[in-house]
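Trainee: coords please:
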Amino acid sequence: MIIKEVRGKAPQYGKNCFFADNATIIGEVIMGNECSVWFNAVVRGDVHFIKMGDKVNVQDGAVIHCTYQKCPVTIGNNVSIGHNAIVHGCTIEDNVLIGMGSIVMDECVVESNAIIAAGAVVTKGTRVQSGCIYAGVPAKNIGKVSPELSTGEIQRIADNYVTYASWFKEGDTV
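Mentor: Numbering: from 1, shown residues only. From the prediction side, this is the model:
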């Protein structure tokens, strides 16, 4: 894993975090407890800050980045960033699932309890309403997150990634 200080700012993280061997975490990154950054994922806080709450998983190949001096990234608690997703210069509130291969652009706000479908592109400045599912290119509201989706997907995936990370604890959990 690469954990690198840039411009005098070094990543900080809470308890029981897991970083894969080839994960990259750079600069002004602050993450809470039980977070995980998986294989080939990049969390790059070199041009602005990235703040993540507790129980955030950044899955394989995902990229989290900012816009220089303009758009930081803030991520709440219990958030899953799917494989190969891009989260750039935006705010993701609590209990959110960002689907595989999706893109969330600068100045977007994804409110709590929302789902961004796999492959969706959330264009600059979009506000994703709490409890809604956004899909497509550009992403649009296609419905509500049911209680079954909330527990069966958002909560289940976040919990599963804490479990998966525990499998790698031998010497790799920080």
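Trainee: C-alpha coordinates for the longest helix seen in the chain, CSV please?
Mentor: Of all the elements of type helix in the chain, the one with the most residues (DSSP state H) is helix 156-166. The C-alpha trace of helix 156-166 is given here as CSV (Å, rounded to 0.1, in the frame of the first residue of the first chain):
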residue,chain,number,x,y,z
ARG,A,156,-25.7,-5.3,3.9
ILE,A,157,-22.8,-4.2,1.6
ALA,A,158,-21.3,-1.8,4.2
ASP,A,159,-21.5,-4.6,6.8
ASN,A,160,-20.0,-7.2,4.5
TYR,A,161,-17.0,-5.1,3.7
VAL,A,162,-16.2,-4.8,7.4
THR,A,163,-16.3,-8.6,7.5
TYR,A,164,-14.2,-9.0,4.3
ALA,A,165,-11.6,-6.6,5.8
SER,A,166,-11.4,-8.8,8.9
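Trainee: That one - what's its average pLDDT?
Mentor: For helix 156-166, mean pLDDT is 95.
Trainee: Please enumerate the helices of the protein.
Mentor: Here the chain has its helices, by DSSP H, at 147-149, 156-166, 169-172.
Trainee: What lies in contact with the longest one?
Mentor: By that I understand helix 156-166. For helix 156-166, the external contacting residues (CB atoms under 8 Å, 6 or more residues apart in numbering) are 16-18, 34, 36, 55, 57, 59, 78-80, 95, 97, 173. Placement of C-beta: from N, CA and C, glycine included.
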